[in-house]
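>>> Could you look at this predicted model? Sequence included:
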Amino acid sequence: MNDILASIFTIGMISVILMKTTPILLAAIGGAFTQMGNILNIGLEGMMLIGAFAAVAVGSFTTPFIGIIAAIGAAMLLALIFAVATLNFKADFIVVGIGINLLAVGVTVLLLTIFYGNAGVTPGDVKAILPKIDLGALAQIPVIGPALNEQTILVWVAFILVPVYAYVLYRTPYGVHLRAVGEDESAALAAGINVNRVKFISILVSGIFCGIAGAQLAMSTVGSFTAGMSASRGFIAVAALTFGLGRPYRTMIACLIFGAADALADRLSLAGVNSSLALTTPYIITIIALVFATLRVRSALKSRAKKALQLAGA
């Protein structure tokens, strides 16, 4: 038992947690934008998956950085479909989100078959790996240095985007409009806010973030694409932003918890723990987090209703 714990709780574990957290965090921030506009975007999974495929397919014969741009473009295309279907044609957000996820799975398998003759994985000679950033002397800083050393640029981008998201949300006119739309759409309309425009932008932003998430997922280590490689990380991102109530730093903390669970599952498998048991770890934690998030939301709603009754009585 002590040997297993020693192999799990290492400084290298922190590095793995950051790497595992990055795609979840990026997708969660993107989903938080739509959530603040009162749109539950469960299409994050599909947008991330199509982004991962585009990153490898394009990055393998150009450069990984062009692969990132391709990933963003592919994910934004699905986001555009989501936006048009829900905002212009008034389709249900949940139904369209499920459709986006199924479309991404089908399209990636089809493209794998057409371009590579294999419906499961890209060939061994099709590789696109993001370069790692060497911190040099800074890597000698205890704990932090080894954890941040040799990470891809997208890991840095993901955590920098958290305060950027906070700034946009609380310090810009768009952020004010987005929160107003999410709080009370009718009041936002009465105030002259273009509700559809605000929501449309939030959906496209979610596509951008999911594309970057897919690029990190596919090109951070192996540099290849496997069918279904997003492996429900988009849904975990939805759980994280739900747990964090769409708030920047709460959502980041939730993503770190899920990233740690994913890293723990890998370490448990390497330590000889039953692989099936290890692989369930992130999903068990996701369920627990969603239960707590539901209880928090119910508590907040009851508190709000109680205050409203007190004001009405006054």
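Great, that's in hand. No experiment lies behind these values; they were computed from the predicted model shown.

>>> And the helices in the stretch 51-200 of the chain?
Listed in chain order, the helices of the stretch 51-200 of the chain (DSSP state H, counting those that start in this stretch) span 64-83, 93-116, 144-148, 153-171, 173-183, 185-190, 195-219.

>>> most packed of these?
helix 195-219 (a mean of 26; mean count of other Cβ atoms under 10 Å). For every residue, glycine as well, the C-beta is placed using N, CA and C.

>>> That one packs against which elements?
Applying 3 or more Cβ pairs under 8 Å, 6 or more residues apart in numbering; DSSP states H and E, one finds that helix 195-219 makes contact with helix 11-36, helix 44-59, helix 64-83, helix 153-171, helix 173-183, helix 185-190, helix 233-243.

>>> what about residue 113, distance to residue 120?
9 Å (Cβ to Cβ, to the nearest Å).

>>> Then residue 71?
Here residue 71 is placed at a distance of 20 Å from residue 120 (Cβ to Cβ).

>>> now residue 127
16 Å.

>>> what ranges of this structure fall below the confidence cut-off?
Along the chain, the model assigns pLDDT under 70 to residues 1-11, 269-279, 281-283, 285-286, 289-290, 293-294, 296-297, 300-301, 304-305, 307-314.

>>> With distance to residue 93 added, can I get the helices and strands packed on helix 195-219 in TSV?
Listed next are those as TSV, based on distance: least, Cβ to Cβ, whole Å:
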stretch	distance to residue 93
helix 11-36	9
helix 44-59	12
helix 64-83	8
helix 153-171	20
helix 173-183	13
helix 185-190	13
helix 233-243	12
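
>>> Tell me which of those sits nearest to residue 257.
Closest to residue 257 of those, according to Cβ to Cβ: helix 233-243, at 7.8 Å.

>>> how about the CA coordinates for the following helix or strand past that closest one, as CSV?
With elements assigned by DSSP states H and E, the helix or strand that comes after helix 233-243 is helix 248-270. The C-alpha trace of helix 248-270 is given here as CSV (Å, rounded to 0.1, in the frame of the first residue of the first chain):
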residue,chain,number,x,y,z
PRO,A,248,-13.9,31.9,-13.3
TYR,A,249,-11.9,30.8,-10.3
ARG,A,250,-14.5,28.4,-8.9
THR,A,251,-14.7,26.7,-12.3
MET,A,252,-10.9,26.5,-12.4
ILE,A,253,-10.8,24.8,-9.0
ALA,A,254,-13.4,22.4,-10.1
CYS,A,255,-11.4,21.6,-13.2
LEU,A,256,-8.3,21.0,-11.1
ILE,A,257,-10.2,18.5,-9.0
PHE,A,258,-11.4,16.6,-12.1
GLY,A,259,-7.9,16.8,-13.6
ALA,A,260,-6.4,15.4,-10.4
ALA,A,261,-9.0,12.6,-10.6
ASP,A,262,-8.0,11.8,-14.2
ALA,A,263,-4.3,11.9,-13.3
LEU,A,264,-5.0,9.7,-10.3
ALA,A,265,-6.7,7.1,-12.5
ASP,A,266,-3.6,6.9,-14.7
ARG,A,267,-1.3,6.6,-11.7
LEU,A,268,-3.5,3.9,-10.1
SER,A,269,-3.4,1.9,-13.4
LEU,A,270,0.4,2.2,-13.5
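
>>> quick check: angle from helix 248-270 to helix 153-171?
Going by axes from the mean of the first three to the mean of the last three Cα atoms, to 10 degrees, helix 248-270 is angled at 150 degrees with respect to helix 153-171.

>>> In helix 248-270, which residues are buried?
Within helix 248-270, the residues that count as buried by 16 or more other Cβ atoms under 10 Å are 248, 251-252, 254-269.

>>> orientation of it relative to helix 233-243 in degrees?
140 degrees.

>>> Check the offset of helix 248-270 from the chain's centre.
12 Å (Cα atoms, centre = their mean, to the nearest Å).

>>> tell me the angle of it relative to helix 11-36?
Going by the same axes, to 10 degrees, helix 248-270 makes 140 degrees with helix 11-36.

>>> helices or strands up against helix 248-270?
Looks like helix 248-270 contacts helix 2-8, helix 11-36, helix 153-171, helix 233-243, helix 275-313 (3+ Cβ pairs under 8 Å, 6+ apart).
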